Structure formats: C-alpha cells, structure tokens
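A.B. asks: Test case, fold it:
(2 chains)
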Amino acid sequence: MRNREIISLILIAVVTALALWINLVPSQTFLGRDVSFRLGLDLQGGIQVLLRSTDPETTPDQMETARRVIERRVNALGVGETVVQLAGNDRLIVELPGVENPEQAIDTLRGTGRLEFIDSQGQFLSPGTVVRTSNSPNPPQLSATEGLTETVDPATLGPIFPSITDGADLDTASVQPTISQTGVTSRPAVSFTFRGESATRLAQFTATNIGQPMCIVLDNRVVSCPVIEAALTDGSGVITTNSVEDRDAILNQLKYGALPVPLVVETTRSITATLGQESVQASIVAGTMGLVVVALFMILFYRFPGMLATLALVIYTLISFAIYRFVPITLTLPGIAGFVLSIGLAVDANVLIFARLREEYRRGRDIRSALELGFEESWPAIRDSSVSTLITCAVLFVFGSNFGVSIIQGFALTLGLGVLISLFTAVVVTRTFLRLAAPLFREERAWLFGIDRRESLAAPPAGPKVV
Amino acid sequence: MEKLVARRYWWFGLSLLMILPGMYFMLLHPLVTTGKFAFGLRPSIDFSGGSLWELRFADKAPGEISDEAVAAVFAAQGFENAQVRMSQVELEGRQVADAIVRTRPLSETGPREETAAVEAALQAEFGTVTRERLESVGPTVSQESTRSAIIAVVVATLIILLYLTWAFRRAPHPVRYGICAILAMIHDVLVVLGIAAIFSTFNQRFEVDALFLTALLTILSFSVHDTIVVFDRIRENLINRHPAETFDDIVNHSIVQTLPRSINTQLTTFFTLTALLLFGGETIQNFVLIMLIGLVSGTYSSIFNAAQLLVVWEHREWRRWFGRGGSSADERTTAPAN
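C.D. replies: As a prediction, this is how the structure comes out:
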C-alpha cells in the first residue's frame, strides 16, 4: 500500500461518513442547518402561480413593493418553504407548498387591498357586487374580456360611485382583528382607521348623511353597506365578516398595505398532496429498482471490479442525497428522474475503465499496469463526455429559468450534480479500491476479475492489426 | 466485424429508413389529411397555452362516466371543446374513475370563480369529485417558452460543437469531429421528433411538453457523449498509427474496440430507464419512453453514423455521389486508402 492510496482511502472514508451522518442524523440538522429532504410542489402538493401586473407602465420599484407586500401576506399564511420572487419586469412567482385551499390563498394574496368607502347614493348594494368607484373606475374584474365575464359593453358596466376615502390613506398599523357585537350575535370583524384627507372627508360625509347607507368596498367588491348611525369623526370604522376565515383574509390584505399595481393570475399549477405522495412512492420504487438492476449487471458482468463499482455507486448515492439535503436542493419529479439517469452515467465511467482494463490485460499486460492503463487511457473519454453533459445541463438550467418550463431546472440540477459527483466516485473511489485490491489478484483467480487471457487467443478482440 | 466501415452506406440507409416515416408524419401527414400545413406534433399546454385538470370521481367506477358527459359539464361552464381522457386509479383499495381534461386557460382575473363553478357542476352530476391537479398556462408564457426552447437547442448545439473542436484540436482536422458529432446528433433529433410525430398522430395521450424538451436535450448530450468515446479512440489510434493501416481500418477497429463499452453503458442506462418506465408513475412515462428511444438512436448514430461520416469526409466521397447513377453503396471496396 502506498501513501497515496491511504490518503485517498481516508478522504473517501471521511466523505462517506459525513454523507452518512447527514443522511441518518436523527435530529435532521447538521451544522445548525435543517437537512431534511425538500420536496417540490409536484411531490408534496401545493400551488405555484405567476402573477402579472395589468398596468402596462409598471415600474421596477412598484414590482419590488408588490413583491414585499405579497411576501408579508404569504408569511402571514404561516406555511413553510414559500417562494415569492420577481420574474422579468412585470411578473411575480409565488409558490405555496402544502396549502389546503390554494386558490383561496392566491385570491387573498393578489387582492390589491384597496379599501374605500363609497357614497352608494342611498342604495343598499349586496355584498360581493363588483362596483366602479371614482378612484378605480375600471376594475380588472369587469374589464376582463374572457371566461365567464364575456365581453362587456362599457355602458352596461353600471354607474361610477363617488369614493369618499382613498385606499392610500389607510393607516395599516391601525388594522386589527376585533369582534362586532350586534345584539346577542357576535361576529368576527376588522377595525381600521383612515388618516389625513380621507379621514376629514369621511367625517364630513357621515355627519351630513346620518340614516343613509354607506358602502365599504374592498378592491371594488362590496363588503357591506351599513347604515350611518353617527358621524365617524376619527376616520375609523369596522368591517363585519361572516367567518374567521373571511376576517383573516381581509385582515391580511389590509394589514400589509395595498398593492401598488393590480395583479392577474397568468399561470397556475396546483397539485394535491395525494397525487404528490403517489409520485414519491413511484420514484422510490423506480430508483431502487434502477440501482439494484445496475448493481446486479455490474457484478455479473465485471465480477470483483463490478462489486467495487457497486460499492462506489452506493457511496455516490449517499453523497448525492447528502448534498440534496445540505444545500438544499428541492427535489421534483423530473429532478428524481435526473438522479436515476445519473446512476447510469456514474456507472458509465466504470464501464469505460473496466472495458479498457480487460483489453489491456488480454494484450498481455500484468494486472497492475493493465489497471493503471485502464484509468489513464479512459480518462480523456470520461472527461470529454462529462463536459458535454455538463454543457447540456447548464443550457437546460438557464433555459429552465423561464417560468413556463421551470420544472426543467430540477432535472438539469440533479443530472449535472450527478456528473460531478460521479467523477469523484467512479474515478477516485473505484481507482483507490482497485489499487488496494490489486495485490490480491492471482493469475488462477482471474475469473474473479472477469478477465481471462485465453479469450484473447480464441478470439482476437479487435481487427487483425492490433499489436 | 471487420466490415463495419466498409458497409457504411448500408448503415446510412438504415438511418434513412428510421427517419423518413417519422418525417412524413411530422411534415406531410397533416397536409395530406387536412390539406393544411402543420407540424405533426401535439404541443402540450406548456407551449400552446391552456389548462389541464386531473379529476377523481370517488363514487364512480371506471367506465361509469363517458368522456362526452364530462366534456358537456365543462362546456356548460364556459369551457367549450374540452378534451377529456378517462382512466382509472386505485383509491383506498378499489378502482375509481379518473379524468384528465384539457381546456382553454383559466380567466386571469377570476380563476377561482371558474374552478369553483366547474367543480360544483361536476359534483352535481357525478357525486364526489376531487381535483388532484390543475395547471393553467397563459398565452404569453407559452409563447415565451416556445421561443426559449428553440434558443436552448441551438445554443446547446453550438457550445458542444465548439467544445468538440477544442477537445480534438490535436487530431488532424478537428472541425470534422465536431461537425460529424453534430450530424449524428441531428440524426437522433430527427429520429426522436419523427417518432414523437408518429405518437402524436396515433396516440391521443402523447403531447410534446417541457419534459419532452428536456428528454430531447438530454438525448443530445448522450449522443455526443457516445460519439466522443468512439472519436476519442480514433484519435488515440491515429496518433499510434501503424504504417500499413488505412484510415478505414483505424475507424473500423476503433469502433470494434469501443463496442463492449458502448453496449454495456447502453445496457445500464437502459435498465435504469426501464425501471423508471415501469415504476416511475404516469407523469414521466412519455419522458422516459422518448429518452429510451433517443438512447438507442444515440448509440446507433455514434457507431454507425458519426464514425462512418469521418471516413466519408476523409475520402470526400460526396464527389462521387452524383454522376454515377447512385450506386455509391457498391463503391465501398474501391475507396482509396488515403
């Protein structure tokens, strides 16, 4: 045993132990990091949406504000591992894993959060009605020209009600959950306060219209139309809701400020936890089967070196999983396919080396130099092919940053990572093992290595001109 | 085994035989059947926009609900021309009906109202319904995806060509290696696209989606990967050239030498992909199938096209393709040695 092999062996042992530790540590933490597997939305269920600003003159500042507002609203939902990120100039990607009612959550998130009091001109508008107000005469709910809302003639849109308050004057710090008591029934409610000019206008309007209805409108949708009983001199009021869920949704929209731009849902992908769970099961079975079949094939075909390659493959799997956990890399279904595929690639380097080893041995070299030649001569092919796969992975990764096809990124990431890790396991690990095992080799036990000089006499491996 | 190179025109012929039917379905079949030109590939919602619903009917056994019945419910809620595909799925130990429905994209402003309306209508008609999956892709997003898909394929090809030219810089005529590898790669792309077109024509379940594109790009890299191994051996054998050896001999025995490796690697990847195909779940089945086909094609093209093309280029055989009445396949033995 030479020094170099011992150092390599120690390195391999340390890396493997580290990988084992990360994979098996009961607390699921390593160096203060959470090292449990992160599953993508397709595996754990959840929703991914692409929100787009409908205002063609949206500035980057406005989008950044919108992102922060949405992020605060998302955090208030209390689900882990959420993503809110800017995409391009006018889009936001939101990912909510494991949400029970994802559509409702998204509705809450993208609500502009613009609260208004309107002068309903003596009418009691029923809650839920979409109205035009002087501050927002063209709500996106009405201007939509597709789906259920058909094409609408501007004349049929209904009257524009004068706004008494401006959503921008809402004092977000004053927005609080409360309970509204009407006689014996108590219902969840949200209290709020307007500042500045809106507060003055509200005081004036309520003072002159006692006994008349006044509607509270959130994002152009009527919430309620209470009768004015007394002048609201301090600009504050209460929105009564029907359930705690409704209350929380409104609270969430008001508390974190209004969105500077209206957002529409351009693309959604939602999947239930059940379907995700089925995919996880399928992936585990497929991955295990893939590993077992490859291991069997390598052992049957290459015998002892095949066993070493299988051991290297196990180490490869351990390291891959440890990296997925530590970085962390979110696993998606295509990502798992990338990993399973990389098992095949990891073995390819070994196949190249072993095939070369057999060839050199048959040409009459002793096992030691056949071994060294096997590694040396197959290196350029391993290097060049790895680089070309890495190039493809890089292109796929960059291309996958385009929202519509983001699932590709997971595949590119695990495949590319697999190529890099397999360079270590298939070359360093297998070489160290084989070098250490070489002294065990005896001519009469050549079958253990799956090599036999007699074959070379019976059937020349290559064309007649091989030396 | 000694005539692998000599029979190169047979191999090219076999490739054409694989590619031409696919190309017919890709480019001509829509023209022949409908009179209008179109690509014979069925794009998924990723590239054409639309929405995809997966629904489970816990109260209904498979076969109890017809495609038309589900489509009618969708149409009544403003989703005309819904394409419905019924299948079955095991739920708590029994088989229940499962539907995959493709419709136009959801409304951008009121997606929740639309899904709620459809769900209520389905409940009323078929009893308990759970929506397992819903994907909706808007038209702008799908256009952007299509554009970047094309850019991705072109960029990957160019970078690989540059890298190969650099990697083979010490071999004589390094550009040839790059171009021949790319030609073999194009062969694989054509085989895969052709087969996808045949699938699109005959199998309603087959769609070209983002995963298909991933498979295609992976096939490109595998194809080049295989070609590199063969080329690498040719380069090595050229450097240690025996005086009596012709270029054809070198290519031939380089192929023979790398054959065990090509077959074994092919087998291991074949095994892992088959495991994915059998157990990996329906979502990735098309992806894995395309990958398998591309893998076989990639191995074939690296041995029977890429290396052979080097020989064709060495002899500049195209100068004799025309003018002798297309009997080029018989000229193999008369090819001059350098």
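A.B. asks: which residue ranges form the strands in chain B?
C.D. replies: B:50-57, B:83-91, B:94-103, B:129-137 (DSSP state E).
A.B. asks: Looking at those, spot the one closest to residue B:121.
C.D. replies: strand B:129-137 (9.5 Å; Cβ to Cβ). For the C-beta atoms, the positions are set from N, CA and C on the backbone; glycine is no exception.
A.B. asks: right, is that closest one up against chain A?
C.D. replies: Yes - for strand B:129-137, a contact with chain A is found by Cβ under 8 Å from any Cβ of the partner chain, at B:130-137.
A.B. asks: TSV please, covering the strands of chain B and showing mean pLDDT, mean neighbour count and distance to residue B:149.
C.D. replies: Formatted as TSV, the strands of chain B follow (pLDDT from 0 to 100; neighbours: other Cβ atoms under 10 Å in any protein chain shown; distance: least, Cβ to Cβ, whole Å):
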stretch	mean pLDDT	mean neighbour count	distance to residue B:149
strand B:50-57	89	22	17
strand B:83-91	82	15	23
strand B:94-103	88	19	20
strand B:129-137	86	22	14
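A.B. asks: What count of nearby residues applies to residue 180?
C.D. replies: Just so you know, I chose chain A. 16 (other Cβ atoms under 10 Å in any protein chain shown).
A.B. asks: sorry, should have said chain B
C.D. replies: Around residue B:180 there are 23 residues (other Cβ under 10 Å).
A.B. asks: Quickly note the distance from it to chain A.
C.D. replies: 14 Å (Cβ to the nearest Cβ, to the nearest Å).
A.B. asks: quick revisit: residue A:130 is nearest to which of the strands of chain B?
C.D. replies: Using Cβ to Cβ, the strands of chain B put strand B:129-137 closest to residue A:130, at 22.0 Å.
A.B. asks: what's the neighbour count on residue B:117?
C.D. replies: 17.
A.B. asks: Next: residue A:58.
C.D. replies: What residue A:58 shows, counting by other Cβ under 10 Å, is a neighbour count of 19.
A.B. asks: Need the three-state assignment for it.
C.D. replies: Three-state call for residue A:58 (DSSP: H, G, I helix; E, B strand; the rest coil): coil.
A.B. asks: Can you pull the phi/psi pair for it?
C.D. replies: phi -70, psi 130 (degrees, to the nearest 10).
A.B. asks: Surely it touches residue A:90?
C.D. replies: Yes - taking contacts as Cβ atoms under 8 Å, residue A:58 lies within contact range of residue A:90: 5.0 Å.
A.B. asks: Just send the strands of chain B back as CSV, with distance to residue B:5 too.
C.D. replies: Converted to CSV, the strands of chain B look like this (distance: least, Cβ to Cβ, whole Å):
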stretch, distance to residue B:5
strand B:50-57, 49
strand B:83-91, 48
strand B:94-103, 49
strand B:129-137, 49
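A.B. asks: out of those strands, which comes closest to residue A:69?
C.D. replies: The nearest among the strands of chain B, by Cβ to Cβ, is strand B:129-137 at 23.6 Å.
A.B. asks: That closest one versus strand B:83-91: what angle between them?
C.D. replies: 130 degrees (axes from the mean of the first three to the mean of the last three Cα atoms, to 10 degrees).
A.B. asks: Output the below-cut-off pLDDT ranges for the stretch 251-400 of chain A.
C.D. replies: In the predicted model of the stretch 251-400 of chain A, no residue satisfies pLDDT under 70.
A.B. asks: Could I get the full set of strands for it?
C.D. replies: A:263-271, A:330-331 (DSSP state E, counting those that start in this stretch).
A.B. asks: List the contacts of the last one.
C.D. replies: Applying Cβ atoms under 8 Å, 6 or more residues apart in numbering or on different chains, the external contacts of strand A:330-331 come out as A:37-40, A:43, A:324, A:410, A:414.
A.B. asks: Just give me the neighbour total for residue B:241.
C.D. replies: For residue B:241, using other Cβ under 10 Å, the count is 12.
A.B. asks: Now do the residue lying closest to it once chain neighbours are set aside: how many residues are near it, please.
C.D. replies: Nearest non-adjacent residue to residue B:241, counting by Cβ to Cβ, 6 or more residues apart in numbering or on different chains: residue B:250, 6.8 Å away. Residues lying near residue B:250 (other Cβ under 10 Å) number 26.
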